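Participant: compute the structure for the input listed below.
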Amino acid sequence: MGNPFDVNTIAFTMLGYPLSYIELVGTILYLASVWLIARQNMLTWPVGIVSVLLYMALFYQIQLYSDALEQAYYLVASAYGWWLWSSRRRQAEQAFVPYVSTPRTLGLVLLLTVVLAAALSGLMSRIHELLPTLFPIPAAFPYLDALTTVMSFSAMWLMAQKRLESWVYWIIVDVIGIGLYYVQGVRFISLLYVILLGLAINGLVSWLRSARLLGLHESSVRGERLN
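Facilitator: Below you'll find the predicted structure:
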């Protein structure tokens, strides 16, 4: 067997699609982490971190540079989420349940998402000119890729704090990702996003059930402490 971290090292062919080891293992672990977080299980963070490292290598090799950089953020956000969830458990506070952010917080997150997406898309459309040694091939779909990247940044931050609207962000990202990865030729990941869409919908329903009240807001008793 060749280098298992090389996208060209194939584990097996499925329906005519050559599936690399790095894509296969990264996908399995990613699905596991999403399934675990929907159930608010602490193991989601270490499992997700391993998946992030594998996907970082994969996306770099197929020139989805924004997605590769996205994984670096996920690594930091996962460490933050792991620390925050562990801290809440150790402090034995009121149950760390999912909640809804205030309209002000949601507006700020949305504004920041739009601004950062515009800035990143401009950078990624020229990254091969600015850093030709590191990025010798032009980025694929730099504008759409940058949008989903920044939306994922926002979703991951919201999720680490158990904000319910994080799942809405993930649902939008998954819908876009299904088409983006199919066109780019990583069809197994495109299929993954179909599954992730279903898991995101299930996660939203599950967290809403845990919150007990659809109107539970950030300004309520526990919410203020998270800001």
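Participant: once you drop chain neighbours, what's closest to Ile195?
Facilitator: Sequence neighbours aside, Leu31 is the residue nearest to Ile195 in space, at 6.4 Å (criterion: Cβ to Cβ, 6 or more residues apart in numbering). Quick note: C-beta positions are derived from backbone N, CA and C, even for glycine.
Participant: same check, this time on Trp82
Facilitator: Of all residues apart from its sequence neighbours, Trp45 sits closest to Trp82 (Cβ to Cβ, 6+ apart), at 3.6 Å.
Participant: with Gln63 instead?
Facilitator: Using Cβ to Cβ, 6+ apart and skipping residues adjacent in sequence, the residue nearest Gln63 is Ile137, 4.9 Å away.
Participant: returning to that earlier point: which helices and strands does the strand or helix carrying the residue nearest to Trp82 pack with?
Facilitator: Here Trp45 is covered by helix 44-61, with elements defined by DSSP states H and E. With contacts defined as 3 or more Cβ pairs under 8 Å, 6 or more residues apart in numbering; DSSP states H and E, the packing partners of helix 44-61 are helix 21-38, helix 65-91.
Participant: before we move on, back to that, can you count the residues close to the residue nearest to Trp82?
Facilitator: Using other Cβ atoms under 10 Å, Trp45 has 22 other residues around it.
Participant: and Ser13, how many neighbours does it have?
Facilitator: Heads up, residue 13 is Thr, not Ser. Other residues lying near Thr13 total 9 when counted by other Cβ under 10 Å.
Participant: A helix includes it, no?
Facilitator: No: counting by DSSP: H, G, I helix; E, B strand; the rest coil, Thr13 falls outside a helix, being strand.
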